[in-house]
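Chemist: My questions concern the predicted model and sequence given below.
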Amino acid sequence: MATWSAPGKIFLFGEHAVVYGKPGLAMAIKPRVHVTVRRHRNPAPAKSPYIDQCFRELGVRGSVYVSSQMPSSAGLGSSAAVTVATLSAANDEFGLGLEREEIAAIAHRIEQTVQKGRASATDTYVSTMGGLVLIIGDSRRRVLPVNLNLVIGNTQMSHSTSRMVELVAEERERRPNVISPILDAIGALTLEGLRKLDEPRELGRLMNVNHALLDAIGVGHSSLTRLVGAARAAGAFGAKTTGAGGGGCMIALSPRGGKTRITSALDAAGGRAFVTTIDTAGVRKEHDA
Ligand code: PMV
């Protein structure tokens, strides 16, 4: 029996723009997903297509127990975390000798298969490696991690990432002269944000601009507008949608000592809020229960 855990992720900057090769900045976050894999000749069918695909890819058979505090289908990378933790636990249980880079690559392939070719490598890479990751085109590079006071607000409106990606593609085709410069500007914001990671006030302003630009490319939602507004009114330095938009989650950058106020404001505005911090470990082995 082997138990491994993997973190979720948020986009600090650059979602959607990364699909067009522009820079984006993603961060591994708590909570983690825990997965236990046990060798088994005739396991019960897995409840998740991601887990099924993990065993198919590795050519082994086992039973799986998943425990997660992370909301699913909310844009926090829970399916990537399940995939990465399952692969790592199976790798351990069956002594397959796969390195982290290989786990990340296989996890990406699995997400692409299950999501029919629409998954970027961001979620699986960040969940495997942990920390703060700069994405530019096909390159993914870990940058120096920082401690940010972040609150996540889940709108509890489920969304489809692939539908939102499609929507932006249609919008860009319809109005290339408008949408392309906005995607460029989002990429520029990412690079500017990277330079301001230790200046929360500035960083918050950049997050606000990023949120407005996400609205401008058509991935806004009234529930996100409401939560972002509530977080700012409660004293956040900045707030934005994280992930594909159209529902899902937003993040707020809080002053030190301001997280409780922001959390209450988000809950009062109809969201489900929780405080998060960076996870620098990535996928890791846990003690077996
Ligand atoms: O909703 P999420 O967390 O899976 O984020 C999607 C991010 C996009 O940039 C919209 C798509 C992608 O694959 O990077």
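Modeler: Cool, the structure landed.
Chemist: What segments of the stretch 51-200 of the chain are strands?
Modeler: Assignment of strands within the stretch 51-200 of the chain using DSSP state E, counting those that start in this stretch yields the ranges 62-68, 132-136, 139-143, 150-154.
Chemist: and residue 72, how many neighbours does it have?
Modeler: 15 (other Cβ atoms under 10 Å). To be clear about C-beta, it is placed using only N, CA and C from the backbone, and glycine gets the same treatment.
Chemist: Give me the distance between the residue lying closest to it once chain neighbours are set aside and residue 33.
Modeler: Residue nearest to residue 72 in three dimensions, not counting chain neighbours: residue 78, with 4.5 Å by Cβ to Cβ, 6 or more residues apart in numbering. The gap separating residue 78 from residue 33 is 6 Å, by Cβ to Cβ, to the nearest Å.
Chemist: Could you look up the SS state of the most centrally placed residue in the chain?
Modeler: Residue closest to the mean C-alpha point of the chain, counted by Cα atoms, centre = their mean, is residue 9 at 3.2 Å. Secondary structure state of residue 9, per DSSP: H, G, I helix; E, B strand; the rest coil, is strand.
Chemist: Now do the contacts for it.
Modeler: Going by Cβ atoms under 8 Å, 6 or more residues apart in numbering, residue 9 touches 26, 27, 28, 29, 76, 77, 80, 122, 123, 126, 127.
Chemist: Which members of those additionally contact the ligand?
Modeler: Contacts with the ligand within the contacts of residue 9, as defined by Cβ under 6 Å from any ligand atom: 77, 122, 123.
Chemist: and for residue 78 and residue 33, which residues touch both?
Modeler: 8, 68, 70.
Chemist: ok, back up a step: with neighbour numbers in mind, choose between residue 78 and residue 33.
Modeler: Neighbour count, other Cβ under 10 Å: between residue 78 and residue 33, residue 33 has more, with 27 against 24.
Chemist: Give the helix, strand or coil label for the more buried one.
Modeler: Taken by three-state DSSP, the conformation at residue 33 corresponds to strand.
Chemist: What does the pLDDT read for the residue nearest to the centre of the chain?
Modeler: Residue 9 carries a pLDDT score of 97 in this model.
Chemist: Also residue 269?
Modeler: pLDDT, residue 269: 98.
Chemist: want to throw the strands of the stretch 51-200 of the chain into JSON lines with mean pLDDT and mean neighbour count?
Modeler: Below are those laid out as JSON lines (pLDDT from 0 to 100; neighbours: other Cβ atoms under 10 Å):
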{"stretch": "strand 62-68", "mean pLDDT": "95", "mean neighbour count": "17"}
{"stretch": "strand 132-136", "mean pLDDT": "96", "mean neighbour count": "20"}
{"stretch": "strand 139-143", "mean pLDDT": "94", "mean neighbour count": "13"}
{"stretch": "strand 150-154", "mean pLDDT": "98", "mean neighbour count": "25"}
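Chemist: how about these in TSV, adding distance to residue 41?
Modeler: Below are these laid out as TSV (distance: least, Cβ to Cβ, whole Å):
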stretch	distance to residue 41
strand 62-68	9
strand 132-136	38
strand 139-143	37
strand 150-154	40
